[in-house]
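In: When you get a sec, could you give me coordinates for this:
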Amino acid sequence: MKLKNIIILLSLIACNAKAQFIPDYRKAADVYFQNKEYYAAAEYYKKALNIADDSVGLKLPYTPDSKGKTKKQGNETEQMVYNLAESYRLYKDYTNAEKWYAVSKGFTDEKYNLSEFWYAVSLRANNKYEDAIGAFNNFLDKYKKDDAYTARAKREIESCKYAINEMKYPRLNSLKQLSQPINSKGSNYAPLITKEALYFTSSRPTKVSGKDEVLSTGSSKIKKKESPYLNAIYKIEKTNLNSTNANAIIKTDLGISGDENAAIALTPDGNRAFFTKWNRKEGTKAIYTAVKMDSKWSKPESAGLQINVSGYNSIQPFVTSDGRYLIFSSDRPGGYGKYDLWFSSLRSDGSLGQAINLGNMVNTTDDEQAPYYNNATKSLIFSTNGRIGLGGFDFFESEGDFSIWSEPQNLGFPFNSSKDDLYFTATDKLGNEGFISSDRESLCCLELFQFKREHITIKGSLTDCETGHAVVDAKVTLTDSLTNKTKIVTTDNNGVYSFMIDSPKPIKITIEKDNYFSKIYRYSYAELAKADTLINTNYCLTPLVIDKPIVLKDIYYEFNSAELTPMSAIALDLLADLMRDNPNITIELSSHTDGIGSDAYNLDLSQRRAQSCVNYLVEKEIHAHRITARGYGKSMPIAPNTINGKDNPEGRQLNRRTEFKVIKK
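Out: Now for the predicted structure:
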């Protein structure tokens with residue numbers, strides 16, 4: 001254990017030795033902890049450990065059912081420290097969780113072996129990715145089991161590496177946290193936009209009866225005041241989105257008094273609602289439906305056995321904009337992991353067909369939640385903690401039609417964060433603007449953000465370098481230079497192609513067409529970062545004909561020598577690029593002279609000059625077996641060296657040339 005952590009622990013034990021444990025605090029903390037009241041549990045563990053109250057929050061009154069005494073033992077201190085760290089983590093207060101896991105990871109008892117794992121998770125949640133990688137590796141070195149924690153630790157390491165690269169090249173997204181009264185005390189999440197209003201779920205404080213609730217674990221019982229933080233569905237008219245008037249927030253009459261209600265979905269006509277309903281005492285969550293009658297909602301009813309399976313949870317309904325499907329998340333049997341995404345056909349009378357799993361292209365062995373489907377783009381946006389990402393739940397996007405889905409793609413930073421990012425709703429047809437919820441700016445709770453997804457369009461046309469005509473049906477591939485992921489399009493009847501990119505990551509564009517030399521173009525981060533919304537990229541392709549010579553312009557040698565001049569490097573560099581862009585071709589590189597001098601001399605000089613070019617290309621890492629050097633001397637003129645017996649300098653200049661031709665492809 002590090003010296004700093006030893007000092008902290010010894011200080012705790014010393015304080016408790018002096019003040020003695022207060023049994024009621026410990027008992028209250030344990031009861032709250034077992035009943036998943038983690039905020040209260042943390043407060044009482046702090047009291048039991050005699051830790052200064054360094055946080056501001058609600059003090060929940062309690063009344064122990066009996067007065068007992070607890071012996072002061074070191075292992076009890078360790079257990080309370082560990083439970084304190086757990087309470088903070090489960091309450092999503094990773095700042096404090098990190099601090100106390102840093103202490104408990106030094107405990108020698110095996111029951112605290114996961115402290116190092118959760119310490120690493122807390123580091124990651126606090127944007128300390130490099131430190132988190134080290135902590136996860138430490139966990140893997142010490143942890144002797146091969147189980148889900150081992151697998152997750154390995155995935156978390158890859159996620160941290162992914163996040164570090166993502167944050168170097170942020171996506172072209174902007175996010176703005178909504179102000180009060182929309183983001184109020186408690187959680188604010190699950191936005192749904194309609195033509196008239198923004199619906200969302202909030203656990204903001206509400207008036208309660210003031211009755212006591214009894215929490216128990218084993219023989220211990222405590223009383224606490226009824227919690228005012230109940231999840232309910234609210235709405236605000238679009239015209240009031242920027243209002244600071246708390247009365248602009250309207251609590252809907254959906255749900256049953258005393259129940260928790262969340263994550264509303266509406267049919268296209270707005271007259272049927274689906275939402276998640278649960279009661280804290282019952283435990284499981286189910287999807288309910290209600291019908292609007294005379295501007296009021298009917299009494300909610302279960303969405304049916306097709307959706308809700310007894311003993312399992314069904315949550316977060318979403319209705320497609322064409323009204324054909326209900327998508328939801330559930331841990332029901334028949335899935336691939338914990339929570340999977342499912343869909344059911346939605347009939348005109350509101351009844352639902354048999355639920356069908358979206359399949360293992362979308363679902364993982366962990367959780368998939370909060371679905372959103374865009375009919376216009378045929379894209380599914382959802383949140384998962386089962387894939388490599390920035391941490392917690394991340395947004396992913398998959399294209400499909402409910403029968404086949406593409407590999408989901410992470411929406412990257414800053415759309416995703418090191419914490420939880422869930423619930424997407426768009427305000428435009430293409431899904432480039434809308435609202436999400438995230439706890440990135442909160443100590444504990446989801447809050448609403450407005451987003452805008454921007455793009456850079458890379459558009460150009462392709463022509464034949466010799467004829468100037470459009471090159472149709474050429475294959476144009478855009479490659480992310482960091483991940484090697486590709487997008488492929490073909491040129492249209494005008495030779496035009498286009499891509500949209502959402503990040504200024506370095507990219508590579510490869511252009512290919514039968515009987516043409518392929519070309520590769522690269523764009524750096526600096527070039528893309530200074531672009532506005534459009535990059536025009538017009539290129540031409542050179543026809544590839546076997547054994548057809550192509551003159552390399554601007555190849556120069558020292559006088560009467562085979563030594564290349566510096567000016568020749570530009571042309572030969574272009575040839576090297578062409579060889580790299582077309583890795584399957586083999587060429588003959590030839591040199592020619594004018595008519596001055598003997599045949600033998602010119603033949604030797606041209607061979608040495610051709611070889612000089614080959615040597616230069618080999619230095620540029622072009623394999624020698626792909627190039628043959630050939631000197632032809634003055635045997636193959638392309639212009640007369642003399643005209644009517646007189647010297648023709650222009651002709652001799654044309655004859656002094658370096659060429660290449662493809663001899664194999």
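
In: Name the next helix or strand following the helix or strand of the chain with the lowest mean pLDDT along the chain.
Out: None of the helices or strands of the chain scores lower by mean pLDDT, DSSP states H and E than strand 63-64, at a mean of 35. Next along the chain after strand 63-64, taking DSSP states H and E as the criterion, comes helix 74-90.

In: can you pull out the helices in the chain?
Out: 3-19, 23-34, 38-48, 74-90, 94-104, 115-125, 129-142, 148-168, 525-529, 568-581, 599-619, 649-655 (DSSP state H).

In: didn't residue 385 look like it was pressed against residue 392?
Out: Yes. The criterion here is C-beta atoms under 8 Å, and residue 385 meets it with residue 392 at 6.2 Å. Using the backbone N, CA and C atoms, a C-beta is placed for each residue, glycine as well.

In: could you list every residue that touches the closest residue in space to residue 417 that isn't next to it in sequence?
Out: Nearest in space to residue 417, with sequence neighbours left out and distances taken as C-beta to C-beta, 6 or more residues apart in numbering, is residue 440 at 3.8 Å. By C-beta atoms under 8 Å, 6 or more residues apart in numbering, the contact set of residue 440 is 417-419, 421.

In: For these, pick the one with the most neighbours.
Out: Compared across those, residue 421 has the highest neighbour count, 28 neighbours, by other C-beta atoms under 10 Å.

In: residues contacting it?
Out: 383, 392-395, 415, 436-438, 440.

In: try it again with 10 Å
Out: Applying C-beta atoms under 10 Å, 6 or more residues apart in numbering, we find residue 421 in contact with 175, 370, 383, 389-395, 411, 414-415, 436-440, 446, 449.

In: Could you report the neighbour count for residue 279?
Out: Neighbours of residue 279 (other C-beta under 10 Å): 13.

In: gap between it and residue 258?
Out: Here the criterion is C-beta to C-beta, to the nearest Å. By it, residue 279 lies 7 Å from residue 258.

In: Find the nearest non-adjacent residue to residue 558, please.
Out: Nearest non-adjacent residue to residue 558, counting by C-beta to C-beta, 6+ apart: residue 565, 6.3 Å away.

In: ugh, wrong one, residue 473
Out: Using C-beta to C-beta, 6+ apart, the nearest residue to residue 473 is residue 490, at 5.2 Å.

In: The residue lying closest to residue 166 once chain neighbours are set aside - how many residues pack around it?
Out: The shortest distance from residue 166 to any non-neighbouring residue, by C-beta to C-beta, 6+ apart, is to residue 413 (4.2 Å). Other residues near residue 413 come to 23 when the count uses other C-beta under 10 Å.

In: same question, residue 363
Out: Neighbours of residue 363 under the rule other C-beta under 10 Å: 25.

In: Sketch out the low-pLDDT regions of the stretch 1-150 of the chain for me.
Out: 1-23, 52-74 (pLDDT under 70).

In: For the residue nearest to residue 539 when sequence neighbours are not counted, give its distance to residue 491.
Out: Distances taken as C-beta to C-beta, 6+ apart place residue 462 nearest to residue 539, at 5.7 Å, with adjacent residues excluded. Relative to residue 491, residue 462 is positioned 5 Å away (criterion: C-beta to C-beta).

In: anything in contact with each of those two?
Out: 470-472, 474, 476, 497, 511, 513.

In: Same list (these) but as a markdown table, adding distance to residue 425.
Out: Formatted as a markdown table, the shared contacts of residue 462 and residue 491 follow (distance: C-beta to C-beta, whole Å):
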| residue | distance to residue 425 |
| --- | --- |
| 470 | 42 |
| 471 | 42 |
| 472 | 41 |
| 474 | 39 |
| 476 | 34 |
| 497 | 32 |
| 511 | 39 |
| 513 | 43 |
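
In: Now, of those, which are buried?
Out: Buried members of the shared contacts of residue 462 and residue 491, counted by 16 or more other C-beta atoms under 10 Å: 470-471, 474, 476, 497, 511, 513.

In: between these, which is nearest residue 154?
Out: Among those, residue 476 lies closest to residue 154 (C-beta to C-beta), at 36.6 Å.

In: what residues are up against that closest one?
Out: Neighbours of residue 476 in contact, by C-beta under 10 Å, 6+ apart: 458, 460, 462, 487-491, 497-499, 509-513, 519, 537, 539.

In: Quick check: closest non-adjacent residue to it.
Out: Setting aside the residues directly before and after it, residue 476 is nearest to residue 497 in space (C-beta to C-beta, 6+ apart), at 4.5 Å.

In: okay, the one you found: pLDDT?
Out: pLDDT for residue 497: 95.

In: cool, the one 5 residues further on as well?
Out: At residue 502, the predicted lDDT confidence score is 88.

In: What separation is there between it and residue 94?
Out: According to C-beta to C-beta, residue 502 stands 28 Å off from residue 94.

In: same check, this time on residue 27
Out: 27 Å.
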